[in-house]
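A.B. asks: Need the 3D shape of this:
(one chain, ligands or ions: 1)
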Amino acid sequence: MKKVIAIYPGSFDPLTNGHLDLIERGSKIFDQLIVAVLRNPEKAPLFSLAERKEMLESMTQRFGNVRVESFSGLLVDYARRKRAHAVLRGIRAISDYEYELQMALMNRKLDPRLETVFMMPAEAYSYLSSRLVKEVFHAGGSVRGLVPKMVEQRLHSKVNGKAKRAKTAKKK
Ligand code: PNS
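C.D. replies: Numbers count the residues shown, from 1 in each chain. So this is what the prediction gives:
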């Protein structure tokens, strides 16, 4: 029987509970789900590619059919190499739709055999994004319940580490 392989691509900077919710939903309908972290040298992410992969790996190890990888270049080329049939993307609100539709149709133009499947995360996460998590955290707000505990701890160590380095540099 044909196994349906899907790719869930993204920046995951950082992983949120909304992403995890979608991964769980995707793992239930696809035979295999590859969470693919984009390696984008043009963007300066908060977490390195290795850190983002490590957090994803740790948080998804309970799903037997989910694995984490990274990719660069065109998504359709990566999907072809992985023999994937579908791309999974989350749609939280209508505002996501325009960008997601554009991407899905561009990917379809590049490879008509690759289908994009949209799923909705739980309503509780419909306002949640990695960008807002970073913004709230940097401004001193609480991100408890919005990201996995591990991510919350990593956010704290990143900011504390930066502050310590800045203090040491000032002393020198
Ligand atoms: O989490 P994000 O940042 O919304 O994910 C965007 C992502 C990684 C899915 C998108 O930027 C992507 O697929 N990039 C790979 C390059 C590519 O294939 N671009 C053409 C797609 S329209």
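
A.B. asks: Touching, residue 22 and residue 117? I think so.
C.D. replies: No - contact criterion CB atoms under 8 Å: residue 22 and residue 117 do not qualify, at 10.7 Å. Just so you know, the C-beta spots here come from the backbone N, C-alpha and C atoms, and that holds for glycine as well.

A.B. asks: Can you pull the residues that touch both of those two?
C.D. replies: residue 88 (CB atoms under 8 Å, 6 or more residues apart in numbering).

A.B. asks: secondary structure class for the nearest residue to residue 82 once chain neighbours are set aside?
C.D. replies: Using CB to CB, 6 or more residues apart in numbering and skipping residues adjacent in sequence, the residue nearest residue 82 is residue 34, 6.0 Å away. Under DSSP: H, G, I helix; E, B strand; the rest coil, residue 34 falls in the strand class.

A.B. asks: Contact partners for residue 34?
C.D. replies: 5, 6, 7, 8, 66, 67, 68, 69, 82, 84.

A.B. asks: filter the residues you listed to the buried ones?
C.D. replies: 5, 6, 7, 8, 66, 68, 82, 84 (16 or more other CB atoms under 10 Å).

A.B. asks: now, which of these lie within strands?
C.D. replies: When the buried ones among the contacts of residue 34 are checked against strands (DSSP state E), the matches are 5, 6, 7, 8, 66, 68.

A.B. asks: circling back to that earlier point, residue 22 and residue 117: which has the busier surroundings?
C.D. replies: residue 22 (26 against 16; other CB atoms under 10 Å).

A.B. asks: Correct me if wrong, but that one is in a helix.
C.D. replies: Yes - assessed with three-state DSSP, residue 22 lies in a helix.

A.B. asks: Tell me the spacing between it and the ligand.
C.D. replies: 11 Å (CB to the nearest ligand atom, to the nearest Å).

A.B. asks: ditto for residue 125
C.D. replies: 14 Å.

A.B. asks: For that residue, which non-adjacent residue is closest in space?
C.D. replies: Looking at residue 125 with CB to CB, 6+ apart, the closest residue is residue 18, at 3.6 Å.

A.B. asks: mean confidence score for the strand or helix carrying that neighbour?
C.D. replies: For residue 18, the host element (DSSP states H and E) is helix 17-29. Average pLDDT, helix 17-29: 98.

A.B. asks: same thing with stretch 46-60?
C.D. replies: 97.

A.B. asks: Next, the buried residues of that stretch.
C.D. replies: 46, 47, 49, 51, 52, 53, 55, 56, 59, 60.
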